[in-house]
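Engineer: Pasting the sequence and the predicted coordinates here, then a few questions.
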Amino acid sequence: MIMQTTGRGRPRIQDTADDIVASVLATAGARVSTPDFSTRRIAELTGLSQTLVSRGCRRIRRAATEVADSSHPVDPVDPVDPVDPVDPVDQAGGLEARGIRARELVVAEVQVRFPQIVVRFAARPVTGLAQRTIAERRATALMAALHASEAAHWRVREAGAVSSGVAPLQGSDPLSACWDAHDPDWERFMDRTASLLTRCAPTTDAVPGDLLDLLARRAGRGLHGTDWRREASKKRSTFDSDMGLGPDDTALSAELERSPRNRWFSQVELSVTEQIAIALRREITNSGFRAGDRLSPDVLGERLRLSRSAVRSAMSRLVDDGLLDFHQGGFRVPAVTGADVVDLYAARLHLGMVLLRACAMQPRHRMLPVRLALGAVEAAATQGTRSDVGLTDLQFQQELAEASGLSQSARGFHALTLRVRMFIAVLRLDYSPAVERIVSDDRRILSAVLAGDAEAAVRAWRAKLDNAVRHMSALAPESFDAELWARLSR
């Protein structure tokens, strides 16, 4: 059998493998430094051969020449002596002529604002122990995030029509790499970034973990809205408190032709109403609102960069959905009763059962985003705050819904998830006592799905929601109606 090839003469299967491996590394965050992301483990995770994974890592990193075949695959996430791609700036003597010695650089800034991506580096004395393996893995993860962003497909309909708000590079700055959709030369940008990463200090500080965590959270949205600076990084929390959209993500310029969606990431698209629901939950959580407190459409509109009329219209829809109350001419934080909790979780229970049965019939590769989401739950359990586990758990559940292939059911499940998030914010749930159980339940559900055992997955799901509804109802103003829950959850 003759293998299909691309126009460049490479097997198409390798291009697909590159995309899969890039998605895994791009969503790993700081955990890419752990043994869980060796090429052997990535091969086990994706079902690809280790040779394909190894070659994919090398190609993504652009730090070693492509190997046509090897009976002894090495781990290119951990190369010993990577070949440095030629950077046009270096050909002109850019770095050495300016007195910057090799391996003294660190990533200083990463900004993604259509139509530009800017990666800036800074020269500084090397500090800390040399950890070349970890440093190289982190560099590969950064390159993977850029690869998975699909920015190479960005198009500007009218040159000069859109401003990114990112300061343009001045002259031939030897410590910056810039991509601009107005003058597309994606390969040069990637080669330049790879070359500068090769000159970074062989320490973990060169590519900080909080930068990788931020890129991991933004990976499924093409990195849009990423704005990371080294001097401000310590002020950020490791985990995204919302697992949702920030002010810069609510809308892209009308001039942007969206790039093809990466099929290895979640395909869910959020409506304006859903975006506002996420912003409301953030507002309730961060501002200490309680049931009955008034919410201002003007404040939300300013933060989301939307018109007041659009925000009011969306908030009115949220009232219809029970996510907000409307009283005496104003929008207010809703009260949550025990009956509300039982109602919501009964709906999620039965819709989830349908989705899990569909998941069990899907090929294993469709579960890749789910496996990555489970890794985020496990990381949150050991490294995150008390709310992180609950939020990453909801993301895990949504990835299962997306992997089912049932688009309408997945959308319905997502709408219910928005309500769960609102309930969590209003009730100020503390998931810390349930962390071990949540992780155990999620592992059991995924194992059953991967084994094609739909009924085992449904049993684990039923037990998981039974525990969750009792935990949430215990904090609701009304007592938990166990008999009602028993009737609805049959």
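Structural biologist: On my side now, so go ahead. Keep in mind it's a predicted model, so treat the numbers as computed, not measured.

Engineer: going forward, measure contacts and count neighbours with C-alpha atoms only.
Structural biologist: Noted.

Engineer: what's the burial count for Arg124?
Structural biologist: 15 (other Cα atoms under 10 Å).

Engineer: got the phi/psi numbers for it?
Structural biologist: Main-chain torsions, Arg124, degrees, to the nearest 10: phi -160, psi 160.

Engineer: Next up, the contacts around it.
Structural biologist: Residues in contact with Arg124 (Cα atoms under 8 Å, 6 or more residues apart in numbering) are 104-106.

Engineer: Most neighbours among the residues you listed, which one?
Structural biologist: Val106 (27 neighbours).

Engineer: where does that residue fall, helix, sheet strand or coil?
Structural biologist: Counting by DSSP: H, G, I helix; E, B strand; the rest coil, the backbone at Val106 sits in strand.

Engineer: Count residues in the vicinity of the nearest residue to it once chain neighbours are set aside, would you?
Structural biologist: Distances taken as Cα to Cα, 6 or more residues apart in numbering place Ala206 nearest to Val106, at 4.2 Å, with adjacent residues excluded. Neighbourhood size, Ala206 [other Cα under 10 Å]: 26.

Engineer: do the same with Leu400
Structural biologist: 28.

Engineer: quick one on the thing from earlier: can you add distance to Arg428 and pLDDT and give the contacts of Arg124 back as CSV?
Structural biologist: As requested, the contacts of Arg124 are arranged in CSV below (distance: Cα to Cα, whole Å; pLDDT from 0 to 100):
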residue, distance to Arg428, pLDDT
Glu104, 46, 79
Leu105, 43, 91
Val106, 39, 92
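
Engineer: With distance to Ala380 added, can I get those in CSV?
Structural biologist: As requested, the contacts of Arg124 are exported to CSV (distance: Cα to Cα, whole Å):
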residue, distance to Ala380
Glu104, 32
Leu105, 30
Val106, 27
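
Engineer: Next up, the contacts around Lys464.
Structural biologist: Counting by Cα under 8 Å, 6+ apart, Lys464 touches 438, 441.

Engineer: my bad, Arg218
Structural biologist: 224-226.

Engineer: among those, who's most crowded?
Structural biologist: Result: His224 is most packed of the contacts of Arg218 (other Cα under 10 Å), 22 neighbours.

Engineer: Model confidence score at Asn286, please.
Structural biologist: Looking at Asn286, its pLDDT stands at 63.

Engineer: for the stretch 251-400 of the chain, what spans make up the helices?
Structural biologist: 272-287, 297-304, 308-320, 338-359, 368-383, 388-403 (DSSP state H, counting those that start in this stretch).

Engineer: Next one: Cys178 from Arg61, what distance?
Structural biologist: 17 Å (Cα to Cα, to the nearest Å).

Engineer: Asp213: which of the contacts of Arg218 is nearest?
Structural biologist: Closest approach to Asp213 among those (Cα to Cα): Thr226, at 11.2 Å.

Engineer: Below-threshold pLDDT in the stretch 201-350 of the chain: ranges please.
Structural biologist: Applying pLDDT under 70 to the stretch 201-350 of the chain flags the ranges 233-274, 277, 280-288, 304.

Engineer: Let's see that with 50 instead.
Structural biologist: 235-259 (pLDDT under 50).

Engineer: closest to Leu196 among the contacts of Arg124?
Structural biologist: Nearest to Leu196 out of the contacts of Arg124 is Leu105 (Cα to Cα; 7.7 Å).
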